[in-house]
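In: The following comprises the amino acid sequence and a computationally predicted model.
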Amino acid sequence: MKSIKYCSAFFLALILASIAGCATTDTGSDTMAERGGTTTGQYIDDSTITTKVKAAIFNEPGLESADINVETNQGNVQLSGFVESRDDITRAVEIAQRVEGVRSVKNDMQLKEASRYR
């Protein structure tokens, strides 16, 4: 009876060791972000930055924010849409740059007048 218990324990340990050996992970030095992927934490951070930038632009007096789109990827903010003047473009970019967590701001905004003639 003792030999059955020892054999069972031995085989159980052998199976567990085999499973643990198969469950190795990639221990390379590159991270998910360096491979071009986005982790859940980065996605949440980007969503937070986008929300903060939109709120800052919305709260800026005299700046029409309904036509400004904000996208964020790994802290890099992209502004697009249509505004009334070059001053509005400058103000929107400056506002976005002041938001905590923003690494860079790419301006793809266009003047409303310029878009009418295209």
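Out: Good, I have the coordinates.

In: mind checking which helix or strand residue 62 is in?
Out: Here residue 62, judged by DSSP states H and E, is contained in no helix and no strand.

In: ugh, wrong one, I meant residue 80
Out: Judged by DSSP H and E, residue 80 forms part of strand 76-83.

In: which residue ranges form the helices in this structure?
Out: 2-22, 40-58, 86-98, 112-116 (DSSP state H).

In: quick one on the thing from earlier: the strand holding residue 80 - contacts with which helices or strands?
Out: Counting contacts by 3 or more CB pairs under 8 Å, 6 or more residues apart in numbering; DSSP states H and E, strand 76-83 packs against helix 40-58, strand 68-73, helix 86-98, strand 104-111, helix 112-116. Using the backbone N, CA and C atoms, a C-beta is placed for each residue, glycine as well.

In: Give the stretch among those with the greatest mean number of neighbours.
Out: Mean neighbour count (mean count of other CB atoms under 10 Å) peaks for strand 68-73 among the helices and strands packed on strand 76-83, with a mean of 19.

In: Name every sheet partner of the strand holding residue 80 and say whether each one runs parallel or antiparallel.
Out: Within its sheet, strand 76-83 is paired with strand 68-73 (antiparallel), strand 104-111 (parallel), according to DSSP bridges.

In: got the angle for it vs helix 86-98?
Out: Angle of strand 76-83 versus helix 86-98, following axes from the mean of the first three to the mean of the last three CA atoms, to 10 degrees, is 160 degrees.
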